[in-house]
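below is the sequence, then the predicted model.
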Amino acid sequence: MTGAGDYDSHSEYQRRVASAGTGLVEEAAPRLPPPASDATFVIVDYGASTGRNSLAVMRAAISAVRSRNAGQPVVAVHNDVPTNDWNQLFANLTSDTDSYLHLEGPAAVPVASAVSFFEPAMPTGSVHVGMSFSAVHWLRSQPSVVVPDGFYFCEAAPAERAVLAAQADADWTAFLAARAADLTKGGRLVVQMVGSQPGAGGQAPDVTARKLLRAMNDLARDLVAAGRLDADVCARYILPVYARTPGEAREPFERAGSPVAGCFTVDRISADPVDNPYLTQWRKDGDAQAYGAAYAGFVRAFTESNLREHLFTPGARGGEDPGKLLDEYFDRLTARFAANPLEDVFEDWTLTVAVTRR
Ligand SMILES: C[S@@+](CC[C@H](N)C(=O)[O-])C[C@H]1O[C@@H](n2cnc3c(N)ncnc32)[C@H](O)[C@@H]1O
């Protein structure tokens, strides 16, 4: 993610996703077996980034717990990788009006868990509510398969697609196994990530961000054709995101021999569309330039670091500065979105998984 508050300013979409999960997290908290009144209630946000988009969800869950016991001690844990912008997270916690730090009652203590969510991120059996938004679709490592005609898993030929599906399944299983370790018996987990909706009647599935990734691939090919980006690096580049179907999300819970078989009761798995805030705004004001800038800003905030490392730094040709080429690429993307707002529209089928630890 981009840092220094940039991600916060360009993640209205992710805020909507987290907001859509508020009800599930809020209802999970009071349905737990009540911790003893002096025991600490522990809530964790996995892949929290700067926390801005999930602070309101955390506050709602803590309020729900406190409505049952006003004095319940609470620890609120923000998990992300060690290189996360932790300074911005704690600044947001202090300044944001949605922050749980402003709740009445004894302070809910903020804590950072700076480890990968593919490993246990808290002491065994200590977590009452876990949640995660817009994070678990990121693959653990950059895929090594070649998808010559696209930047996204769904453009791969069958053999490569199967490799990517297996990688995504292994990652999802590892994430769930780590949460099985973290959660206490009866603890709840709500995960939202980009998803795919199987097509009805044999039609192609709806895949979150498919049109966007096609546009991004087109523009990169233009740079290749102009001799400014290496053709081989471009052919090998793939965004390390996998949009699971509800069926793929369910598999690790049911497969014989899975490390999480029998660990959870599945309460809900579904893929549901989430409205596009940039398109809604354009429909209201007709300002295509503003739409292009907002859409490209949103895309840059979550793709820039991966594109820089795996496409533009190794791929820039003719002595061009990779950073400047990246800037030009996003300028071109902005112009393309503004020229025809409906053509490459971002479509989102958010996958929701809600489970209870047995
Ligand atoms: C698109 S951001 C979403 C942030 C936030 N949850 C939201 O809703 O806006 C994805 C976050 O997941 C984090 N992430 C990715 N892989 C991770 C891992 N293995 N362990 C912990 N966090 C991870 C990234 O560092 C990033 O902050």
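Good, I have the coordinates.

for the rest of this, base every contact and every neighbour count on C-alpha atoms.
Noted.

helices or strands up against the longest helix that the chain contains?
Longest helix of the chain, by residue count under DSSP state H: helix 158-182. Other helices and strands packing on helix 158-182, by 3 or more CA pairs under 8 Å, 6 or more residues apart in numbering; DSSP states H and E, are helix 246-254.

residues in contact with the helix it packs on?
With contacts defined as CA atoms under 8 Å, 6 or more residues apart in numbering, helix 246-254 is touched by 169, 172-173, 195-197, 258-264, 266, 269-271, 351, 353.

show me which of those residues are buried.
For those, a neighbour count by 16 or more other CA atoms under 10 Å gives the buried set as 169, 172-173, 195-197, 260-261, 263-264, 269-271, 351, 353.

grab the nearest non-local neighbour of A56.
D98 (5.1 Å; CA to CA, 6 or more residues apart in numbering).

one step back: of the buried ones among the contacts of helix 246-254, which pair is most distant in space?
Q197 and C263 (25.9 Å; CA to CA).

who in this structure is up against the ligand?
With CA under 6 Å from any ligand atom as the criterion, the chain meets the ligand at residues 1, 14, 18, 47-49, 53-54, 80-81, 84, 116-118, 132-135, 138, 302.

try 8 Å
When proximity is defined as CA under 8 Å from any ligand atom, the chain approaches the ligand at 1, 7-8, 11, 14-15, 17-18, 45-54, 79-81, 83-84, 114-118, 132-136, 138-140, 302.

quick check, the residue nearest to A56 in contact with R59.
Yes - contact criterion CA atoms under 8 Å: D98 and R59 qualify, at 7.1 Å.

for the ligand, what's the nearest residue on the stretch 101-250 of the chain?
Relative to the ligand, the nearest point of the stretch 101-250 of the chain is S116 (3.4 Å; CA to the nearest ligand atom).

which residue is the nearest non-sequential neighbour of that residue?
V81 (5.4 Å).

was I right to think the one you found contacts V115?
Yes - at 5.3 Å, V81 counts as touching V115 under the criterion of CA under 8 Å.

what about stretch 234-250, how long is it end to end?
Stretch 234-250 has its terminal residues 33 Å apart, counting by CA to CA, to the nearest Å.

that one: which residues count as buried?
Along stretch 234-250, these residues count as buried under the neighbour rule (16+ other CA under 10 Å): 234-246, 249-250.

try stretch 132-145
Across stretch 132-145, burial judged by 16+ other CA under 10 Å covers S132, F133, S134, A135, V136, H137, W138, L139, R140, P143, V145.

wait, the first one touches I43, no?
This points to S132. No - using CA under 8 Å, S132 makes no contact with I43, being 11.0 Å away.

which pLDDT value goes with P246?
P246 is assigned 97 on the pLDDT scale.

what of the one 10 residues further on?
In the prediction, the pLDDT value recorded for A256 is 93.

ramachandran coordinates for it?
Main-chain torsions, A256, degrees, to the nearest 10: phi -60, psi 140.

G71 too?
Dihedral angles of G71 (phi, psi; degrees, to the nearest 10) stand at phi -100, psi 10.

now do S116
phi -60, psi 140.

contacting residues for it?
Listed by CA under 8 Å, 6+ apart, the contact partners of S116 are N79, D80, V81.
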